[in-house]
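# Output the structure for:
(chains A and B)
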Number of protein chains: 2
Amino acid sequence: MSGVYPYTFKKLIETISQLPGLGEKSATRISFFLLSKPELCEILGELIKELPYKVKLCKFCRNLSEEEICSICKDEKRNSELLCIVENPVSLSYIEETGVFNGYYFVLHYLLSPKDGIGPKELGLDHMLYLIKLRNIREIIIALSPTLSGEATTSYILEVLKDYPVKVTKIACGIPMGMEIQFVDPLTLKKALFGREILKEK
Amino acid sequence: MSGVYPYTFKKLIETISQLPGLGEKSATRISFFLLSKPELCEILGELIKELPYKVKLCKFCRNLSEEEICSICKDEKRNSELLCIVENPVSLSYIEETGVFNGYYFVLHYLLSPKDGIGPKELGLDHMLYLIKLRNIREIIIALSPTLSGEATTSYILEVLKDYPVKVTKIACGIPMGMEIQFVDPLTLKKALFGREILKEK
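Got it, this is the predicted structure:
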């Protein structure tokens, strides 16, 4: 279909098609849109080119940062006894959005997944142990998705921490707010029963 | 949601969100993907930046071209008696793909649409008349979408050409191949009846 377009244009369509969620049709549509917006091309092209040079990982939490230490790790008003383990910067931003956590983070960037070649080494838990000492952490909150990889990773982190004098918790698994019980899968309902909350003690 | 991302990353998400068909979620996903592919950033960033400088319109047909005259207009083996009027380079490429047309093209880039401020001037039909003389065109094939704007534009082109010694045709409107008649809208069926093909003369 793109046989008659000039080389640069074809190459642009092909390259945009490599981005996640975009096929040849949407890539073509985006390319024509860009062709009609020279100023946007200048801005977007520059942003994409400089991305790998500008955005790095924070040397403490490994969240995205343009400086050596990110704004969260620099914030001394946070509770330095709490460390929340998240899979990636997206999870981190969702947790920040809730506004109820004011400790520090540690970003794994991977979950254990032998089939994808992700073993314990890829998690970089030595760095987590370093942070625990550095910040005098008392509680580790594991906030990973309750998936197979997430649960395996949680177990592994627990194993690594077994001789460390820190409390380890994980975020609750249960029925999403507003959902009717009849639509919840049996496994979630089971977790919700085990993790039941005390409303009145005797 | 993107409150905790570093400036460049946030800016990238915002800018990608401006592209057609992409919202904040897909823009975020694409931005993370790019972050993991520094070589792709270099290639894609450069392609987007150079796009407005490299891809221009052919001085004859006004199709996209990296040279002053596009490869189709340069091709002297084509039938110089036929000129096909298309709305845009996408239509042109679809027609080329059919492999049944070997004349030249003229790309309008617009269809008449008073509400969008597109009047006769925007169509640039003077340039079409220039091509008709230059190439000694005998037949103009109008290949515009059978929409309101497409039909209005077709009528206007016909009006402009009324005193020119050229045959003017437009591509057939009818039932798409493989579609059952019961699913065709009445207007299309009406057009298909009017435009019926002779299978046997008497």
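
# Next, the angle from the longest helix along chain A to helix B:38-54.
For chain A, the helix reaching the highest residue count under DSSP state H is reported as helix A:38-54. Here the directions of helix A:38-54 and helix B:38-54 differ by 160 degrees (axes from the mean of the first three to the mean of the last three Cα atoms, to 10 degrees).

# what pLDDT, on average, does helix A:38-54 get?
Taken as a whole, helix A:38-54 carries a mean pLDDT of 96.

# Just confirm yes or no for it near chain B.
Yes. Applying Cβ under 8 Å from any Cβ of the partner chain, one finds helix A:38-54 touching chain B at A:38, A:40-52, A:54. Bear in mind the C-beta positions are built from the backbone N, C-alpha and C, glycine included.

# Packing partners of that helix?
Under the contact criterion of 3 or more Cβ pairs under 8 Å, 6 or more residues apart in numbering or on different chains; DSSP states H and E, helix A:38-54 touches helix A:24-35, helix B:7-17, helix B:24-35, helix B:38-54.

# try it again with 6 Å
On a contact count with 3 or more Cβ pairs under 6 Å, 6 or more residues apart in numbering or on different chains; DSSP states H and E, helix A:38-54 meets helix B:7-17, helix B:38-54.

# Touching the longest one from outside, list them.
Meaning helix B:38-54. Applying Cβ atoms under 6 Å, 6 or more residues apart in numbering or on different chains, the contact partners of helix B:38-54 are A:8, A:12, A:15, A:34, A:38, A:41, A:44-45, A:48-49, A:51-52, B:34, B:66.

# got the angle between it and helix A:7-17?
140 degrees.

# right, and the helix or strand after helix B:38-54?
On the C-terminal side of helix B:38-54, the closest following helix or strand by DSSP states H and E is strand B:56-57.

# coming back round to it: most neighbours out of the contacts of helix B:38-54, which is it?
A:Leu12 (28 neighbours; other Cβ atoms under 10 Å in any protein chain shown).

# A:Gly174 in helix, strand or coil?
coil (DSSP: H, G, I helix; E, B strand; the rest coil).

# circling back: okay if I get the contacts of helix B:38-54 as TSV plus distance to B:Ala172?
Shown next, in TSV, are these (distance: Cβ to Cβ, whole Å):
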residue	distance to B:Ala172
A:Thr8	35
A:Leu12	34
A:Thr15	37
A:Leu34	34
A:Pro38	38
A:Cys41	39
A:Leu44	41
A:Gly45	42
A:Ile48	44
A:Lys49	47
A:Leu51	49
A:Pro52	52
B:Leu34	45
B:Glu66	34
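
# Among these, which one lies nearest to B:Ser113?
Nearest to B:Ser113 among the contacts of helix B:38-54: A:Leu34, at 22.4 Å, using Cβ to Cβ.

# Next one: the nearest residue to that closest one once chain neighbours are set aside from A:Arg29, what distance?
The shortest distance from A:Leu34 to any non-neighbouring residue, by Cβ to Cβ, 6 or more residues apart in numbering or on different chains, is to A:Cys41 (5.4 Å). Note on A:Cys41: its distance to A:Arg29, by Cβ to Cβ, to the nearest Å, is 15 Å.

# for chain B, what are the nearby residues on chain A?
A:1, A:4-6, A:8-9, A:12, A:15, A:19-21, A:26, A:29-30, A:33-34, A:38, A:41, A:44-45, A:47-49, A:51-52, A:54-55, A:64-66, A:93, A:96 (Cβ under 6 Å from any Cβ of the partner chain).

# Spatially, which two of the contacts of helix B:38-54 are the most separated?
Going by Cβ to Cβ, the pair spanning those furthest: A:Pro52 and B:Glu66, at 27.8 Å.

# gap between A:Arg29 and B:Lys49?
20 Å.

# cool, and A:Tyr156?
44 Å.

# and if you look at A:Glu197?
On the measure of Cβ to Cβ, A:Glu197 and B:Lys49 end up 55 Å apart.

# likewise A:Pro20?
A:Pro20 is 22 Å from B:Lys49, by Cβ to Cβ.

# thought A:Pro6 was touching B:Glu68?
No. Between A:Pro6 and B:Glu68 there is no contact under Cβ atoms under 6 Å: 11.9 Å.

# what touches both of these two?
With Cβ under 6 Å, 6+ apart, A:Pro6 and B:Glu68 have no common neighbours.

# The two: which is more packed in?
Using other Cβ under 10 Å as the criterion, A:Pro6 and B:Glu68 rank with A:Pro6 on top: 20 against 12.

# Find the residue closest to that one in space, skipping its chain neighbours.
B:Glu66 is the one closest to A:Pro6 (Cβ to Cβ, 6+ apart), at 4.2 Å.

# I'd guessed the one you found sits against A:Tyr5; true?
No. The pair B:Glu66 / A:Tyr5 is not scored as a contact, 9.7 Å apart, by Cβ under 6 Å.

# Near A:Ile69, how many other residues are there?
A:Ile69 has 12 nearby residues by other Cβ under 10 Å.

# the helices in chain A, which residues?
Using DSSP H, helices in chain A cover A:7-17, A:24-35, A:38-54, A:71-74, A:89-98, A:120-123, A:125-135, A:148-160, A:186-194.

# Can you convert those helices into JSON lines and add a column each for distance to A:Leu112?
Listed next are these as JSON lines, based on distance: least, Cβ to Cβ, whole Å:
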{"stretch": "helix A:7-17", "distance to A:Leu112": "32"}
{"stretch": "helix A:24-35", "distance to A:Leu112": "34"}
{"stretch": "helix A:38-54", "distance to A:Leu112": "27"}
{"stretch": "helix A:71-74", "distance to A:Leu112": "25"}
{"stretch": "helix A:89-98", "distance to A:Leu112": "16"}
{"stretch": "helix A:120-123", "distance to A:Leu112": "7"}
{"stretch": "helix A:125-135", "distance to A:Leu112": "11"}
{"stretch": "helix A:148-160", "distance to A:Leu112": "5"}
{"stretch": "helix A:186-194", "distance to A:Leu112": "20"}
